[in-house]
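1. quick one: sequence plus predicted model below, questions after.
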Amino acid sequence: QKEVEQDPGPLSVPEGAIVSLNCTYSNSAFQYFMWYRQYSRKGPELLMYTYSSGNKEDGRFTAQVDKSSKYISLFIRDSQPSDSATYLCAMLEIYNQGGKLIFGQGTELSVKP
Amino acid sequence: GAVVSQHPSWVICKSGTSVKIECRSLDFQATTMFWYRQFPKQSLMLMATSNEGSKATYEQGVEKDKFLINHASLTLSTLTVTSAHPEDSSFYICSARTTGSPVDFFGQGTRLTVV
């Protein structure tokens, strides 16, 4: 079993739809939860990060962490064609001493005009 | 957000030659840098972790003599692919982290093609 599981998709939605992206994990020691967006042939770009459980909102994006269920989500409201990309969840136990990000497989999202 | 610049964006080299990829943090001090490799339609695979002034720590299965990593300053790390072969063709990405922050910022990636 992988430490972080993410449905690779692809996921196709019409413009304006609400998108829900999810990851599950097995390591209860993870404390930091990130969402990155990666366009084709580019490096990942940080969207949001959350420490421990709870919700965080930034514009059209909302990140949720439920540590009791070991489940995290990213919601995209009013999705736009420019949101078409691969979304990677990533998790971290500790950030000092070179703690490593553990990535999900990435979900490929396509938003159709 | 913080900016990490990776150079070159793409490179083509002949089999048997070496190629160097640079990763620079432009507006922060990168105490730790990471190097990843990514195959098409797959997630990032960590190759090595480097702390400034120390030897890099390589992941299992990554040949340290083939993938030379140097992190000589707080703003620059380099990855040198030595004696490159076609199977080394891939997308290489670096990331950088500063002290006291859990966030990694990524470079734009380098597409290496070995012919």
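-> Structure's in. What do you need? Numbering: from 1, shown residues only, chains lettered A, B, ... in the order given.

2. burial count for B:S15?
-> With neighbours defined by other CB atoms under 10 Å in any protein chain shown, the count for B:S15 comes to 12. Yep, even glycine has a C-beta here, placed from its N, CA and C like the rest.

3. my bad, B:G100
-> Residues near B:G100, counting by other CB under 10 Å, number 8.

4. what about the residue most central in space within chain B, distance to chain A?
-> The centre of chain B sits closest to B:W35, judged by CA atoms, centre = their mean, with a distance of 3.6 Å. As for B:W35, its distance to chain A is 12 Å (criterion: CB to the nearest CB, to the nearest Å).

5. am I right that that residue sits in a strand?
-> Yes: using DSSP: H, G, I helix; E, B strand; the rest coil, the assignment for B:W35 is a strand.

6. that one contacts B:N70, correct?
-> No: in terms of CB atoms under 8 Å, B:W35 does not count as a neighbour of B:N70; the distance is 10.9 Å.

7. list the beta-bridge partners for the residue nearest to the centre of chain B.
-> Beta-bridge pairing for B:W35 (DSSP bridges): B:A48, B:C94.

8. show the contacting residues for it.
-> Going by CB atoms under 8 Å, 6 or more residues apart in numbering or on different chains, B:W35 touches B:C23, B:L46, B:M47, B:A48, B:S50, B:F67, B:I69, B:S77, B:L79, B:Y92, B:I93, B:C94.

9. same deal with A:L92?
-> Contact analysis of A:L92 by CB under 8 Å, 6+ apart lists A:F30, A:Q31, A:Y32, A:F33, A:M34, A:G99, A:K100, A:L101, A:I102, B:P102.

10. ranking the residues you listed by neighbours, who comes first?
-> In terms of neighbour count, A:F33 stands highest of the contacts of A:L92 at 28 neighbours, by other CB under 10 Å.

11. what about that residue, helix or strand, and which?
-> Assessed by DSSP states H and E, A:F33 sits inside strand A:32-38.

12. which residue of chain B lies farthest from its centroid?
-> No residue in chain B has its C-alpha farther from the mean C-alpha position than B:G100, which lies at 21.8 Å (CA atoms, centre = their mean).

13. how near is that one to A:N96?
-> Spatial separation of B:G100 from A:N96 under the definition CB to CB, to the nearest Å is 8 Å.

14. could you do B:C13 as well?
-> From B:C13 over to A:N96 the distance is 36 Å, taken as CB to CB.

15. and these two? Which one has more around it.
-> The residue with more neighbours, out of B:C13 and A:N96, is B:C13; 16 against 12, by other CB under 10 Å.

16. which residues does the more buried one bridge with?
-> Beta-bridge partners of B:C13, counted by DSSP bridges, are B:V114.

17. so what's it up against?
-> Each residue near B:C13 by CB under 8 Å, 6+ apart is listed here: B:V19, B:A84, B:L112, B:T113, B:V114, B:V115.

18. pLDDT score for it?
-> Confidence per residue is given as pLDDT, and for B:C13 that number is 96.

19. tell me how far it lies from chain A.
-> Using CB to the nearest CB, one gets 18 Å for the distance from B:C13 to chain A.

20. next up, the contacts around B:T31.
-> The neighbourhood of B:T31, defined by CB under 8 Å, 6+ apart, consists of B:N51, B:E52, B:L74, B:R97, B:T98, B:T99.
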